[in-house]
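**Student:** Give me a model of this one.
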Amino acid sequence: MKRFFGAILKGIQAGEMILALASLTAATLLIIAQVLNRYWLRFEIMWLSDLALYAFIFFMFTAFAAATWKEGHVSVDLVKNQVFKNRPVWAATYRVFLVILSMVILGSLFFPLTPFMKRAIQYPEYGTLVRWFNTSWLMIWLFIAFVLVMIHLFVLLRRDLRELAKAKPPETVKKG
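**Tutor:** Residues are numbered from 1 along each chain as shown. All right, here's what the predicted structure looks like:
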């Protein structure tokens with residue numbers, strides 16, 4: 001069972017990286033095409049910037065989930081490195097606290113986000129310049145990214161709780 005969930009998590013993580021790479025590549029190529037068109041080709045292609053923006057937004061939501069999994073998000077490591085230096089129990093407690101705090105904040109955002117996602121499914125909205133692109137997909141993908149982040153946070157919490165259980169206070173040296 002553990003291998004099964006491990007394989008599912010690895011598949012999710014690989015999918016996130018592939019989607020992030022594909023959407024960032026698409027956004028970059030569309031922006032290059034837009035610059036080439038503006039200064040060299042001079043065709044009337046106004047929708048390139050909108051499509052590049054949609055690809056970039058998709059990338060950001062995917063990168064949001066991937067950064068949580070890789071623990072590559074912005075954090076204040078100074079506190080962890082200096083205050084909890086040589087204090088493994090406190091350092092592990094601090095990591096557990098940060099993950100729980102992240103889960104609480106993310107969980108509080110689920111409530112306002114859910115009606116937007118339901119509305120996006122029920123009433124598709126199309127772009128003004130890219131008429132065939134359903135912009136509601138961006139809202140749906142944001143919700144999916146939140147779910148992926150929450151999954152990653154649960155995995156990190158499980159790992160950090162295990163480390164907290166294994167952490168031992170430093171040996172006290174008796175003088176004299």
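**Student:** Buried residues, stretch 150-166. List them.
**Tutor:** Under the neighbour-count criterion of 16 or more other Cβ atoms under 10 Å, stretch 150-166 has 150-153, 155-157, 160, 164 buried. From N, CA and C alone the C-beta is placed, and that goes for glycine too.
**Student:** Looking at those residues, spot the one nearest Val96.
**Tutor:** When the buried residues of stretch 150-166 are compared for distance to Val96 (Cβ to Cβ), Asp160 wins out at 4.8 Å.
**Student:** In TSV: the buried residues of stretch 150-166, plus secondary structure and distance to Ala22.
**Tutor:** TSV is the format used below for the buried residues of stretch 150-166 (DSSP: H, G, I helix; E, B strand; the rest coil; distance: Cβ to Cβ, whole Å):
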residue	secondary structure	distance to Ala22
Met150	helix	23
Ile151	helix	21
His152	helix	20
Leu153	helix	25
Val155	helix	24
Leu156	helix	26
Leu157	helix	30
Asp160	helix	31
Leu164	helix	38
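**Student:** Same list (the residues you listed) but as TSV, adding pLDDT and distance to Ile121.
**Tutor:** Output for the buried residues of stretch 150-166, formatted as TSV (pLDDT from 0 to 100; distance: Cβ to Cβ, whole Å):
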residue	pLDDT	distance to Ile121
Met150	96	19
Ile151	95	21
His152	95	24
Leu153	96	25
Val155	96	27
Leu156	95	29
Leu157	97	30
Asp160	95	35
Leu164	93	40
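**Student:** any idea which of those is the one closest to Thr128?
**Tutor:** For the buried residues of stretch 150-166, the closest approach to Thr128 (Cβ to Cβ) belongs to Met150, at 32.9 Å.
**Student:** And the closest residue to that closest one other than its chain neighbours, which helix or strand is it part of?
**Tutor:** Nearest in space to Met150, with sequence neighbours left out and distances taken as Cβ to Cβ, 6 or more residues apart in numbering, is Leu106 at 5.9 Å. If you go by DSSP states H and E, Leu106 is part of helix 88-122.
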